[in-house]
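# Take this sequence and fold it.
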Amino acid sequence: MQVAGTGYYIDADDLSEILDEYGIIRKLLIRYVQTYSMQTTYTALANTVFTTEERLGLIKSTRGLIVIRRRAGLEDFAGSAYGAPEAEHWRLIGQLGKFKPVYGC
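Numbers count the residues shown, from 1 in each chain. From the prediction side, this is the model:
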């Protein structure tokens, strides 16, 4: 952990045994890794293409609170960097929930 707090851990051998016994958990973790990897890639893309000032221009933040000032403007600004990771998450994991979110509204 990089900050103070609490967390959980599992021994690698125990995790391996669980993944062998419960295929659904293995499948879900593989899907999570895929969506996390895609989100990281798109974040790196946005960090490369846009300056910090550009990325934060439509957002107001204070400790513990983030306010989107103009969501439509933020989505337009992000262009193709917005929506794909969210859609991939929905495709692989989000179906476990009760409703499908709408991106780009």
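# quick one: the strands in the chain?
Secondary structure of the chain by DSSP state E: the strands cover 59-62, 65-68.
# Pairing partners for the first one, with directions?
Using DSSP bridges, the strands paired with strand 59-62 are strand 65-68 (antiparallel).
# How far off centre is the strand it pairs with?
Centroid separation between strand 65-68 and its chain, computed with C-alpha atoms, centre = their mean, to the nearest Å, is 17 Å.
# go on, stretch 74-92?
10 Å.
# start to end distance for that stretch?
Terminal residues of stretch 74-92 lie 25 Å apart, using C-alpha to C-alpha, to the nearest Å.
# Buried residues in it, which are they?
Residues of stretch 74-92 classed as buried by neighbour count (16 or more other C-beta atoms under 10 Å): Glu75, Phe77, Ala78, Ala81, Tyr82, Pro85, Glu86, Ala87, Glu88, His89, Leu92. All C-beta spots, glycine's among them, are computed from the backbone N, C-alpha and C.
# Sort out which of the residues you listed are in helices and list them.
Helix and strand membership here follows DSSP state H; of those, those in helices are Glu75, Phe77, Ala78, Pro85, Glu86, Ala87, Glu88, His89, Leu92.
# Which helix runs longest in the chain?
Counting residues, the longest helix found in the chain (DSSP H) is helix 23-49.
# Show me what that helix is packed up against.
Using 3 or more C-beta pairs under 8 Å, 6 or more residues apart in numbering; DSSP states H and E as the contact criterion, the neighbours of helix 23-49 among helices and strands are helix 12-21, helix 84-92.
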